[in-house]
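> please work out how this folds:
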Amino acid sequence: MAENQKGMLFGTDGIRGKVGSSLLTPHGMYAIGRSLGQVLCDEYAETEEKTVAIARDSRASGLFIQSALIAGLNHWGIRVQVLGVLPTPAVSYFVEDTACIAGIMITASHNPASDNGIKLFAHTGDKLFPRLCNQLIDYLNQDSTEQDHDVPLESTCVDKLARSHYLNKLSTIIQPYQHYFKNKHVVIDAANGAVSTVAEAAFRDLGCCVTMLNHQPNGHDINEQCGTNHPESLQKQVLKDHASFGVAFDGDGDRVLLVDQLGRVLCGDHLLLIHAVIGSLDKVVTTPMANQGLIEALSENGTQCIISPVGDQNVYQKMQSTGASIGAESNGHFIALAHSRSGDGLLAALLTLSLVLKQGKQLDYYHDAFCAHPQQLINIRYNPEHDDQNVSKAIKSMLGRYPHIDATIRASGTEPLLRVNLKARPEHASILNEVVTLITRQYSENCQLH
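Coordinates of the predicted model:
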């Protein structure tokens, strides 16, 4: 790997990219497995039997990645437990509660099926420590060994055990609120992804009537016009079924959006406010992507709003350092520190709905709990082989003519996108719309509104 790629290997959440490019090949993943194995042998030298857990989302490419990683780990004598198709948080819980020294989730999260990647977990259930990630990169730069395909893979399939472990974890947490869910009708959009194996069971076990959407993945349709990226079909189904609420997940199940009985979306901002208000929280953590209306509502509630950099790992670290018990991002990442160490969409949905149902209210009450200020996220795709700074500079120059617009411009840490988040006061909504029109016209071929 070239020197200038070292800092790009780990984005805001693991390794991710287009399948067939860079490290997303059988040889690249074998090299990652070998390098990770070497890191783990160094770190856990005194552990006699070293075991790593591996799960994946529903992408077809996850199978070759899994095989290559197992081969790389086997090279160092590391045993592998295969968890099957499960949400990312299930890996975190499994590793934390067993003798595994690390966990790997094969996923590209909310990205299209043509992408894939890996997320790494330490034995504590935390995302792999930066120190070990840097060590992995160093070993990777030194490793040019080809995989010996004649050597059989050594792994143990524990998919049923791992699925039960995750569902039991959720059940134990939500058990005190179980009776509030009885006979509620929920529509679930599984995004043709990892939660397809667990979401229906989690809600049925609580006594809900469940309608499933996008829950029979074919390996190539994950996140395709569904899930948190596109909740429109869920909104329509909730209205059609007169359902109590709807729940949408992303491909690996670490994000969630809710839909009220009127068909309106509640994002991570709404979830954060629900917990702050009902739980009388003195502080919460969010990111610069949060709506200004949320921040003002939290202030009125007497809740301090602590801002962290974007990414659920950054939110988690800020929660640890400040003592905040709840943190969330607008995109649906949600962390309850008492229960999880990273985003868990299914847990977030269950915890939030538990609070709302216990209050005897419906979700629409909290959809209207804050006045959302005008805001628009624009994603501009760029060629990753070229510097994105030219686009960023051009947009900043354009925005210089609009002092009433607050803009956050950053390169995505998970895909080749420049994320432009525009905010304005309600009285300046027309100005924001004008700026959005200018940007979308300028970059029409590569532009997407969220």
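> need the pLDDT of residue 287.
Predicted confidence (pLDDT) for residue 287: 95.
> so how far is residue 201 from it?
Distance check for residue 287 against residue 201: by CB to CB, to the nearest Å, it reads 32 Å. Where C-beta positions appear, they are placed from N, C-alpha and C, glycine not excepted.
> more crowded one of the two?
With neighbours defined as other CB atoms under 10 Å, residue 287 and residue 201 compare such that residue 287 has more, 23 against 16.
> can you tell me the closest non-neighbouring residue to the more buried one?
Closest residue to residue 287 apart from its sequence neighbours, by CB to CB, 6 or more residues apart in numbering: residue 310 at 4.9 Å.
> I'd say residue 438 and residue 398 touch.
Yes - using CB atoms under 8 Å, residue 438 makes contact with residue 398 at a distance of 6.4 Å.
> name the SS class of residue 390, please.
Following DSSP: H, G, I helix; E, B strand; the rest coil, the label given to residue 390 is helix.
> and for it, the neighbour number?
Residue 390 has 10 nearby residues by other CB under 10 Å.
> in stretch 132-145, which residues are buried?
132, 133, 135, 136, 137, 139, 140, 141 (16 or more other CB atoms under 10 Å).
> next secondary structure after the host helix or strand of the fifth one?
Per DSSP states H and E, residue 137 falls inside helix 130-142. Scanning the chain past helix 130-142 towards its C-terminal end, the next helix or strand to appear is strand 156-157 (assignment: DSSP H and E).
> and the next helix or strand past that next one?
Criterion used, DSSP H and E; the element after strand 156-157 is helix 159-174.
> next one: that next one to chain centre, how far?
Centroid separation for helix 159-174 versus its chain: 19 Å, with CA atoms, centre = their mean, to the nearest Å.
> ditto for stretch 177-187
That offset, for stretch 177-187, works out to 25 Å (CA atoms, centre = their mean).
> may I have it as PDB, with CA atoms only?
Extracted C-alpha coordinates of stretch 177-187, given in PDB (Å, rounded to 0.1, in the frame of the first residue of the first chain):
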ATOM      1  CA  TYR A 177     -41.500  -2.300  29.100                       C
ATOM      2  CA  GLN A 178     -42.800  -5.400  27.200                       C
ATOM      3  CA  HIS A 179     -46.400  -5.000  28.100                       C
ATOM      4  CA  TYR A 180     -46.600  -1.500  26.400                       C
ATOM      5  CA  PHE A 181     -45.900  -3.100  23.000                       C
ATOM      6  CA  LYS A 182     -48.700  -5.700  23.200                       C
ATOM      7  CA  ASN A 183     -50.900  -5.600  20.000                       C
ATOM      8  CA  LYS A 184     -49.100  -2.600  18.600                       C
ATOM      9  CA  HIS A 185     -48.800  -2.700  14.800                       C
ATOM     10  CA  VAL A 186     -45.300  -2.000  13.500                       C
ATOM     11  CA  VAL A 187     -44.100  -1.900   9.900                       C
END
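> tell me which residues are up against it.
203, 206-213, 234, 237-238, 241-247, 259, 353-354, 357-358 (CB atoms under 8 Å, 6 or more residues apart in numbering).
> next, count neighbours for residue 169.
20.
> and it, what does it touch?
Per CB under 8 Å, 6+ apart, neighbours of residue 169: 93, 97.
> likewise for residue 371?
Residue 371 is in contact with 293, 296, 297, 426, counting by CB under 8 Å, 6+ apart.
> any idea how far the first one is from residue 68?
Counting by CB to CB, the separation of residue 293 from residue 68 is 46 Å.
> among the two, which residue is more densely surrounded?
Ranked by neighbour count (other CB under 10 Å), residue 293 and residue 68 place residue 68 first, with 22 against 19.
> so that one sits against residue 24, correct?
No - in this structure, residue 68 is not within contact of residue 24 by CB under 8 Å, at 10.2 Å.
> in the protein, what secondary structure element scores lowest on mean pLDDT?
strand 447-449 (a mean of 70; mean pLDDT, DSSP states H and E).
> residue boundaries of the helices in this structure?
Ranges of helices within the chain are 26-43, 62-74, 88-97, 130-142, 159-174, 199-204, 232-241, 268-278, 292-300, 312-322, 345-358, 363-367, 389-399, 429-442, based on DSSP state H.
> out of the ones you listed, nearest to residue 116?
helix 62-74 (6.2 Å; CB to CB).
> now that closest one - C-alpha only, CSV.
Extracted in CSV, the C-alpha atoms of helix 62-74 (Å, rounded to 0.1, in the frame of the first residue of the first chain):
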residue,chain,number,x,y,z
GLY,A,62,-19.3,-10.7,2.1
LEU,A,63,-18.7,-14.4,1.5
PHE,A,64,-15.3,-14.0,-0.3
ILE,A,65,-14.2,-11.3,2.2
GLN,A,66,-15.1,-13.6,5.1
SER,A,67,-13.1,-16.5,3.5
ALA,A,68,-10.1,-14.4,2.9
LEU,A,69,-10.1,-12.9,6.4
ILE,A,70,-10.4,-16.4,8.0
ALA,A,71,-7.5,-17.6,5.9
GLY,A,72,-5.4,-14.6,7.1
LEU,A,73,-6.3,-15.2,10.7
ASN,A,74,-5.7,-18.9,10.5
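> tilt between it and helix 26-43?
Helix 62-74 runs at 40 degrees relative to helix 26-43, counting by axes from the mean of the first three to the mean of the last three CA atoms, to 10 degrees.
> quick one: average pLDDT of helix 62-74?
Mean predicted confidence for helix 62-74 is 97.
> so how far is it off the chain centroid?
From the chain centre to the centre of helix 62-74 is a distance of 23 Å (CA atoms, centre = their mean).
> which helices and strands sit right next to it?
helix 26-43, strand 51-56, strand 79-85, strand 102-106, strand 115-122 (3 or more CB pairs under 8 Å, 6 or more residues apart in numbering; DSSP states H and E).
> residues of that helix that come out buried?
If you call a residue buried by 16+ other CB under 10 Å, then helix 62-74 has these buried ones: 62, 64, 65, 66, 67, 68, 69, 70, 71, 72, 73, 74.
> gap between the fourth one and residue 140?
If I follow you right, that is residue 66. Residue 66 sits 19 Å away from residue 140, going by CB to CB.
> from one end of stretch 411-431 to the other, what's the distance?
24 Å (CA to CA, to the nearest Å).
> now do the phi/psi pair for residue 424.
Backbone torsions for residue 424, taken as degrees, to the nearest 10, come to phi -150, psi 160.
> begin at 42 from now on, thanks
In the new numbering, first residue 42, that becomes residue 465.
> isn't it right up against residue 444?
No - the criterion here is CB under 8 Å, and residue 465 misses it with residue 444 at 10.7 Å.
> tell me the contacts of the residue nearest the centre of the chain?
In the chain, the residue lying closest to the centroid (CA atoms, centre = their mean) is residue 295, at 3.8 Å. The contact partners of residue 295, by CB under 8 Å, 6+ apart, come to 128, 129, 130, 150, 353, 374, 383, 384, 385, 386.
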